[in-house]
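**Q** Let's see this in three dimensions:
(one chain, ligands or ions: 1)
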Amino acid sequence: MTAIAIETDLRASLDELARACRILEMEGHGDMTLGHLSCRDPQQRGFWLKRNRIGLGEVLGADVVILATNFHAVMRWVPAEIARNDSRFAGLEKIQTTPILGAHLWFDRPVMNENHLAFLKGPLQWLFKKDAEGKAVHGVISAARAWVDIPREEALKQFEQQVRQTLAAARDAKLLRGVIVIEKRATFAPLPGVDRLRPPQAPPPGGIENLFLAGDYTLSGWPATMEGAVRSGYLAADGVMALGTATGTFLVSDLPRQWPARLIGFGK
Ligand SMILES: Cc1cc2nc3c(=O)[nH]c(=O)nc-3n(C[C@H](O)[C@H](O)[C@H](O)COP(=O)(O)OP(=O)(O)OC[C@H]3O[C@@H](n4cnc5c(N)ncnc54)[C@H](O)[C@@H]3O)c2cc1C
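**A** Numbers count the residues shown, from 1 in each chain. Prediction:
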């Protein structure tokens with residue numbers, strides 16, 4: 001059986017980090033903003049941060065590791081030679097991504113009363129009120145592949161026009177500023193067959209026996225959503241508990257399906 005262990009240089013860095021945290025604790029800064037010291041990973045895989053209300057010493061003593069990152073970063077944490085025998089990592093490279101576009105518009109006067117709106121017709125799909133007065137609004141387009149190469153000024157004009165057409169108060173308002181942000185690898189693409197590439201949280205037979213995975217990309221039964229991410233964490237916790245004698249599950253039941261989902265055929 002293969003297991004993940006902490007490398008010597010990492011252990012030395014974490015010892016130092018734990019010592020620094022303890023010094024802050026002695027000075028009354030434990031678990032406060034200043035108590036959250038971090039250190040850069042010696043192998044450039046990211047950084048380490050002491051979690052609130054838990055010491056690094058307790059983490060180092062753990063028998064099990066739950067790796068909760070995204071699927072781009074996960075292989076930076078698992079040595080290739082031991083990942084090779086763990087089928088959970090075989091499909092990761094084939095998972096495709098999909099972009100999400102955010103359009104931030106600031107007007108010179110309040111333009112929006114509602115907290116959010118769903119558009120029946122594009123290009124923007126959703127609009128959110130971003131300040132108390134309703135002067136700042138945020139439009140969103142999911143699966144925004146078609147917008148990646150469109151010049152930002154051109155896209156902004158279309159979004160501004162859509163907002164003016166939809167919100168009466170925006171018609172004569174002056175647009176002070178507009179910013180478009182496209183997150184190119186926002187989520188994994190829910191293409192047919194993607195579940196065959198998504199790894200389960202618990203190690204398969206012959207896999208890395210003390211490594212559990214969490215994250216929306218793991219096999220949660222949900223697409224890339226906050227709900228999916230949370231459920232993946234519950235499933236990872238269930239897997240860890242199953243190593244011992246504990247019974248039961250952290251997983252909570254899905255909410256009952258509401259009428260819009262039922263209307264399009266998603267059961268009762
Ligand atoms: C623009 C946008 C809009 C979205 N809108 C919605 C929405 O409206 N509703 C919804 O349900 N979902 C939405 N999602 C999807 C949702 O945000 C994700 O599904 C969810 O946050 C995934 O959670 P996660 O814990 O799996 O991954 P993440 O939240 O991505 O967490 C992964 C963590 O790993 C860390 N990390 C990355 N690399 C490393 C490394 N090398 N070392 C250490 N740590 C690392 C990251 O910093 C991050 O904190 C949206 C996503 C995006 C990008």
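**Q** The stretch 151-268 of the chain: strands as residue ranges?
**A** Counting by DSSP state E, counting those that start in this stretch, one finds strands in the stretch 151-268 of the chain at the ranges 175-188, 211-214.
**Q** residues in contact with the residue in the chain sticking out farthest from the centre?
**A** Within the chain, Asp172 marks the point farthest from the mean C-alpha position, 38.1 Å out by Cα atoms, centre = their mean. Neighbour list for Asp172: empty [criterion: Cβ atoms under 8 Å, 6 or more residues apart in numbering]. C-beta: built from backbone N, CA, C; applies to glycine.
**Q** ok, now how distant is it from Gln162?
**A** Distance of Asp172 to Gln162, computed by Cβ to Cβ, to the nearest Å: 16 Å.
**Q** One more: Val111?
**A** 12 Å.
**Q** The two: which is more packed in?
**A** Remark: of Val111 and Gln162, Val111 carries more neighbours, 26 against 19, as counted by other Cβ atoms under 10 Å.
**Q** Can you tell me the closest non-neighbouring residue to that one?
**A** Ala170 (3.9 Å; Cβ to Cβ, 6 or more residues apart in numbering).
**Q** next one: Arg45
**A** Per Cβ to Cβ, 6+ apart, closest to Arg45 is Arg76, 4.1 Å.
**Q** The one you found contacts Asn70, correct?
**A** No. The criterion here is Cβ atoms under 8 Å, and Arg76 misses it with Asn70 at 10.6 Å.
**Q** Which one's more surrounded, the two?
**A** Each of Arg76 and Asn70 has its neighbours counted (other Cβ under 10 Å); Asn70 has more, 15 against 12.
**Q** Pretty sure Thr218 is one of the things the more buried one touches, is it not?
**A** No. Counting by Cβ under 8 Å, Thr218 is not a contact partner of Asn70; they are 10.5 Å apart.
**Q** show me the contacts for whichever residue of the chain sits closest to the ligand.
**A** Nearest to the ligand, among the residues of the chain, is Gly46, at 2.1 Å (Cβ to the nearest ligand atom). Gly46 makes contacts with Thr69, Ala73, Arg76, Trp77, as judged by Cβ under 8 Å, 6+ apart.
**Q** contacting residues around the nearest residue to the first one once chain neighbours are set aside?
**A** With Cβ to Cβ, 6+ apart as the criterion, Thr69 has its nearest non-adjacent residue at 6.2 Å, and that residue is Gly215. Applying Cβ under 8 Å, 6+ apart, we find Gly215 in contact with Ala68, Thr69, Asn70, Phe71, Val74, Ala229, Ser232.
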